[in-house]
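Trainee: give me coordinates for this.
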Amino acid sequence: MIFPEKKDKGFMKKSISFISFSASVFFIFSILLSSCASSIHMPVPGENSARKNSIYNEYMSIADAYSDLGKYDKASLFYEQAMKNKKLYWTASYKLARSYAMNKQYEKSISVYKNLIKRDPENISLKMSYAYVLSMSGELEKASQEYKVLVEANPENQDLLSNYIIILFAMEDYQNAEEKVNVLKDIFKENKNIASFEKKLEEHKKKLEDESSASSEKESSATASSSS
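Mentor: Numbers count the residues shown, from 1 in each chain. Sure, this is the predicted structure:
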């Protein structure tokens with residue numbers, strides 16, 4: 001049996017010390033890793049994007065809530081924020097245009113509707129809303145042109161025809177208004193607006209008759225005065 005020489009005892013002590021030091025380092029490193037894992041958030045792929053989308057969805061929900069309450073000024077602010085999200089852009093734009101109109105911000109509403117119609121030029125609902133906002137902003141001539149095109153393209157839509165007639169009355173274009181009222185009576189006999197339209201035409205005709213009568217009396221009086 002061979003025993004190790006004395007010089008090997010020092011080597012053993014060094015080995016034991018090194019092992020103890022390594023174990024201590026490993027223990028400390030393990031604690032540090034555990035601490036880091038609990039305190040440092042490791043990002044998940046797509047997490048930031050999901051969080052942003054969630055925020056914009058919240059903006060849309062808040063805007064809808066304000067709109068339902070009739071607080072269109074506040075609704076508009078949140079729709080504008082929601083529009084910054086590409087997925088919500090067009091939905092938020094449509095709601096923003098309506099919100100502007102309801103808040104009587106007609107110029108802003110017109111601008112948004114123009115953009116919407118560029119994207120979807122065949123959308124009748126958008127064009128009807130656009131024509132309506134034009135009329136509310138006082139741009140009756142432009143509104144009349146829009147309604148004329150819409151009525152010609154959609155002769156079966158009595159709401160369009162009724163709105164067109166209303167614009168013609170507002171422009172005091174009674175000749176065209178009477179023509180369209182007759183069309184409405186022929187095609188949509190049960191339309192609820194017919195009675196009020198006919199009343200307006202009668203009032204206009206009476207006004208013309210009264211003016212004509214007053215003019216004739218004035219001329220007669222002037223003739224009589226000059227004769228005497």
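Trainee: where are the low-confidence patches of this structure?
Mentor: 1-52, 216-217, 219-228 (pLDDT under 70).
Trainee: helices along that one, start to end?
Mentor: 7-39, 47-68, 72-82, 89-102, 106-119, 124-136, 140-153, 158-170, 174-187, 194-227 (DSSP state H).
Trainee: count of neighbours near the closest residue in space to residue 116 that isn't next to it in sequence?
Mentor: Excluding the flanking residues, the one nearest residue 116 by CB to CB, 6 or more residues apart in numbering is residue 126, at 5.3 Å. From N, CA and C alone the C-beta is placed, and that goes for glycine too. If you count neighbours by other CB atoms under 10 Å, residue 126 ends up with 18.
Trainee: how close does residue 126 sit to residue 192?
Mentor: Look at residue 126 and residue 192: by CB to CB, to the nearest Å, they are 25 Å apart.
Trainee: same question, residue 175
Mentor: Using CB to CB, residue 175 is found at 24 Å from residue 192.
Trainee: kindly report the same for residue 63.
Mentor: 34 Å.
Trainee: the two: which is more packed in?
Mentor: More neighbours surround residue 63 than the other of residue 63 and residue 192, with 25 against 9 (other CB under 10 Å).
Trainee: which ones are touching the more buried one?
Mentor: Applying CB atoms under 8 Å, 6 or more residues apart in numbering, we find residue 63 in contact with 75-79, 81-82, 92, 95, 99.
Trainee: just give the closest residue to it, not the sequence neighbours.
Mentor: The spatial neighbour of residue 63 that comes closest, neighbours along the chain excluded (CB to CB, 6+ apart), is residue 78 at 3.5 Å.
Trainee: swap in residue 101?
Mentor: Nearest to residue 101 is residue 109, by CB to CB, 6+ apart, at 4.1 Å.
Trainee: from residue 54, how far out is the residue nearest to residue 63?
Mentor: Distance of residue 78 to residue 54, computed by CB to CB: 14 Å.
Trainee: neighbour count: the two, which is higher?
Mentor: Between residue 78 and residue 54, residue 78 has the larger neighbour count (other CB under 10 Å), namely 24 against 9.
Trainee: export the contacts of residue 63 to a markdown table and tack on distance to residue 198?
Mentor: Shown next, in a markdown table, are the contacts of residue 63 (distance: CB to CB, whole Å):
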| residue | distance to residue 198 |
| --- | --- |
| 75 | 39 |
| 76 | 40 |
| 77 | 45 |
| 78 | 45 |
| 79 | 41 |
| 81 | 49 |
| 82 | 46 |
| 92 | 43 |
| 95 | 38 |
| 99 | 36 |
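Trainee: ok, those vs residue 153, which is closest?
Mentor: The closest of the contacts of residue 63 to residue 153 turns out to be residue 95 (CB to CB; 25.7 Å).
Trainee: number of residues surrounding the closest one?
Mentor: 22.
Trainee: please name the nearest non-neighbouring residue to it.
Mentor: residue 79 (5.3 Å).
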